[in-house]
Structures are given as structure tokens and as C-alpha cells.
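*Asks:* Everything below, folded, please.
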Amino acid sequence: MKEIPFEEITVKLILLESGLSRKTFYRNFESKEDVLDSFIRQKMNEYATRLLSRQYTNFASIIDVIFEFCEENKELIILLDKHDLLMRLLKIGNEVMPEHHRRFTTFEGEEDPMVEYILFFNTGCLFNVLFKWVKDGMKIPASVIRDGIMAYISNISNINLTTI
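*Replies:* Take a look at the predicted model:
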């Protein structure tokens with residue numbers, strides 16, 4: 001994807017580059033999209049394991065882990081953006097995060113269906129921030145964005161939303 005637009009990459013080209021036989025490829029993957037999704041899923045599993053295996057004292061430290069992941073995978077994220085494939089991160093994140101959440105956390109009321117909705121809400125909000133950051137060239141320091149998000153959360157937490 002560094003050299004060729006994703007839509008022009010073929011299974012045949014993947015076979016030539018990887019040295020895999022057609023039979024081996026189709027034993028493991030259904031398509032070139034499946035190869036990409038498998039790679040993204042691996043990265044998202046690494047991220048989810050890191051995120052959910054730590055102890056956190058505040059939401060800011062969770063945001064820091066998300067930005068760490070993006071900075072470590074900057075090349076991949078920029079390539080996904082370049083080929084208009086960033087939404088695959090969110091899609092796969094929405095598949096991976098609930099699985100890991102159930103493995104690593106034991107919140108009271110875990111069976112409550114709202115737990116997963118809240119997880120999707122948080123994931124969607126943070127992914128949109130990351131997408132904006134990537135689109136802007138990742139120029140603003142992650143700590144500035146984190147602090148801005150935390151200030152916003154602090155401000156809205158003081159608003160009585162039930163009277164609006």
C-alpha cells in the first residue's frame with residue numbers, strides 16, 4: 001500500500017510478494033480485504049490487551065494509551081487514511097474491544113447491556129478524535145489533545161443534562 005493503491009492490489013500480486021501458493025492463501029484468507037483485516041485485527045488485539053490489562057486512575061491515562069498505540073502504528077494509520085480505509089480500524093475495534101472487555105474486566109452489573117453501549121460510545125468518540133488527528137497530519141501533540149478532551153469532559157460534567 002506504500003507503492004500501489006489498495007484497489008489496484010490483487011491476490012496475484014500478494015502471492016508474488018509473499019511467496020505463498022494460491023492454495024495456502026485461500027486456506028487462510030478469503031480476499032485481499034481479509035488479509036488487511038487480519039493484520040488490523042492483530043494490531044487491535046495488541047492494543048486492546050495493553051489497554052485493558054493496565055490499572056487506570058483516570059480517563060486521561062486511557063487516552064494516553066490510545067495515542068501511544070497510534071504513534072507506534074503511525075505508518076499503518078497514515079497508509080489506511082491515504083487509501084480511505086481508516087473506518088476498518090473502527091469496525092474491527094468494535095468487534096475486538098467487547099471481546100477483550102469481557103476477558104479483562106469485571107465491573108458490577110457486567111451483564112447490563114448498557115456496558116457494551118458505553119464501550120461503543122467511548123470507542124467511537126475516541127476514534128473520531130484519532131481520525132481527525134491523523135487527517136491533520138498528527139501535528140498537535142497528543143498531550144494537548146488529551147488535555148483538551150479532559151477539559152471538555154470536566155466542563156460538560158457540570159451541566160445538568162436532564163433539564164436541557
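
*Asks:* and the helix or strand of the chain with the lowest mean pLDDT, what other elements does it pack with?
*Replies:* Using mean pLDDT, DSSP states H and E, helix 87-104 stands out as the lowest-scoring helix or strand of the chain, at a mean of 82. Helix 87-104 is packed against helix 32-53, helix 74-82, helix 114-135, with contacts defined by 3 or more C-beta pairs under 8 Å, 6 or more residues apart in numbering; DSSP states H and E. Heads up, the C-betas are built off the backbone N, CA and C, glycines and all.

*Asks:* now the ones you listed in TSV, with mean pLDDT and mean neighbour count?
*Replies:* Formatted as TSV, the helices and strands packed on helix 87-104 follow (pLDDT from 0 to 100; neighbours: other C-beta atoms under 10 Å):
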stretch	mean pLDDT	mean neighbour count
helix 32-53	90	16
helix 74-82	92	16
helix 114-135	86	14
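
*Asks:* and those helices as TSV, adding distance to residue 91?
*Replies:* Output for the helices and strands packed on helix 87-104, formatted as TSV (distance: least, C-beta to C-beta, whole Å):
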stretch	distance to residue 91
helix 32-53	8
helix 74-82	11
helix 114-135	10
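
*Asks:* The ones you listed: which one's closest to residue 2?
*Replies:* helix 74-82 (6.6 Å; C-beta to C-beta).
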